[in-house]
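Visitor: coords please:
(one chain, ligands or ions: 4)
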Amino acid sequence: MNIDLHSHTACSDGALNPAALIQRAVENGVETLAITDHDTVDAYRDLGPHEESVALIAGIEFSTQWEHTGIHVLGLNIDLDSDAIRTGVRFQSKARLERAQRIGANLEKQGIRDAFDGAARHSAGHYIGRPHFAQYLVESGQVKSMQAAFKKYLGDGKAGDVRQHWADLPQVIQWIRDANGIAVLAHPLKYKMTRTRLKRLLEAFVREGGQGLEVVSGKQLPHQTAGMAQLCAENEMLASCGSDFHEPGRVWAELGRFPSLPGRLTPVWERF
Ligand code: AMP
Ligand code: MN
Ligand code: MN
Ligand code: MN
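Guide: Residues are numbered from 1 along each chain as shown. Ligands and ions are numbered 1, 2, ... in the order given. Model prediction:
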């Protein structure tokens, strides 16, 4: 079975609108898909009649932080109409706007003018994020590529890396649980933590009510999958997998194209 539980649309920082994303899922043989936009569920509201050959799992990817590291938590199989999701989305949307203003001010101090307005032009709806600042930086000729924009201005520890506005980890887990969803720690390898620190994060995550770990995130190497599978089993967590698809052309994050979960783990969809 081809199950992809992590993907983005243009409602956050993806390139495709929800209908086009679902079309691509069909073409790639995905049978079950979760759309997990950053801090928004607008994709589900925009969705008209769609291909019935794909089963949709309602999802979201909340931004938060743990011990000063920015981390992402997926809420899978959530009740979209719950008070908890409405509250969470409203809180994060306000936090995003305040954060974007701060990013704009920080970039201004680096000599980059009008970054907030420039980023806002590239953003749609409630989501304004660092990729929109990156687009503005490229468009205005400050840097040559999105990668360079993150490297110089927006990535870890740079002027545009503003984290303190998000709801904290216990809060985002609680919103997901209150919406009858399952909280899954997204792409654990992306945080570049030592194994010791990642273990501590997982302990805190489980203590707060988190249940799942994204053991497979896009195309990854066998030893990486084995390492995450071991952490998943040690903490008695549910295993999740997804591409983290944003746009066509990123070969390491193509919809439905990633290694399968090791068989000895309990897949998160058994609890849907
Ligand atoms: P934000 O939600 O504003 O914190 O933006 C985070 C998003 O920026 C991530 O979900 C990625 O899609 C994107 N991103 C993070 N790092 C990079 C990078 N080095 N190059 C390109 N995109 C990135
Ligand atoms: Mn993203
Ligand atoms: Mn993420
Ligand atoms: Mn993502």
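
Visitor: which ones are touching the closest residue in space to residue 155 that isn't next to it in sequence?
Guide: Computed as C-beta to C-beta, 6 or more residues apart in numbering, the closest residue to residue 155 that is not its neighbour in sequence is residue 161, at 6.3 Å. C-beta coordinates here come from the backbone N, C-alpha and C atoms, glycine included. Taking C-beta atoms under 8 Å, 6 or more residues apart in numbering, we find residue 161 in contact with 70, 130, 154, 155.

Visitor: Residue 72 now?
Guide: By C-beta under 8 Å, 6+ apart, the contact list for residue 72 reads 38, 61, 62, 63, 64, 185, 186, 187.

Visitor: For the residue lying closest to the second one once chain neighbours are set aside, give me the backbone phi and psi.
Guide: The spatial neighbour of residue 61 that comes closest, neighbours along the chain excluded (C-beta to C-beta, 6+ apart), is residue 36 at 4.4 Å. Listed backbone geometry of residue 36 is phi -130, psi 70, with angles given as degrees, to the nearest 10.

Visitor: swap in residue 73?
Guide: As for residue 73, its main-chain torsions (degrees, to the nearest 10) stand at phi -120, psi 120.

Visitor: Tell me how many other residues crowd residue 83.
Guide: When neighbours are counted by other C-beta atoms under 10 Å, residue 83 registers 11.

Visitor: whoops, residue 266 was the one
Guide: Look at residue 266: counted by other C-beta under 10 Å, it has 15 neighbours.

Visitor: before we move on, what about the one 4 residues further on?
Guide: Other residues within reach of residue 270, judged by other C-beta under 10 Å, total 8.

Visitor: dump the residue contacts of it.
Guide: residue 238.

Visitor: who's in contact with the residue of the stretch 151-272 of the chain found nearest ligand 3?
Guide: Going by C-beta to the ion, ligand 3 is nearest to residue 186 of the stretch 151-272 of the chain, at 5.0 Å. Contacts for residue 186 (C-beta under 8 Å, 6+ apart) come out as 6, 61, 71, 72, 73, 74, 214, 217, 244.

Visitor: Can you say which of the contacts of residue 161 are buried?
Guide: 130, 154 (16 or more other C-beta atoms under 10 Å).

Visitor: Return the subset of the contacts of residue 161 lying in helices.
Guide: The helices, defined by DSSP state H, take in residue 130 from the contacts of residue 161.

Visitor: Max pairwise distance over the contacts of residue 161: which two?
Guide: Pairwise distances across the contacts of residue 161 (C-beta to C-beta) peak at 11.5 Å, for the pair 70 and 154.

Visitor: Tell me the residue in the protein that is farthest from the middle.
Guide: Distance from the C-alpha centroid of the chain peaks at residue 111, with 30.1 Å (C-alpha atoms, centre = their mean).
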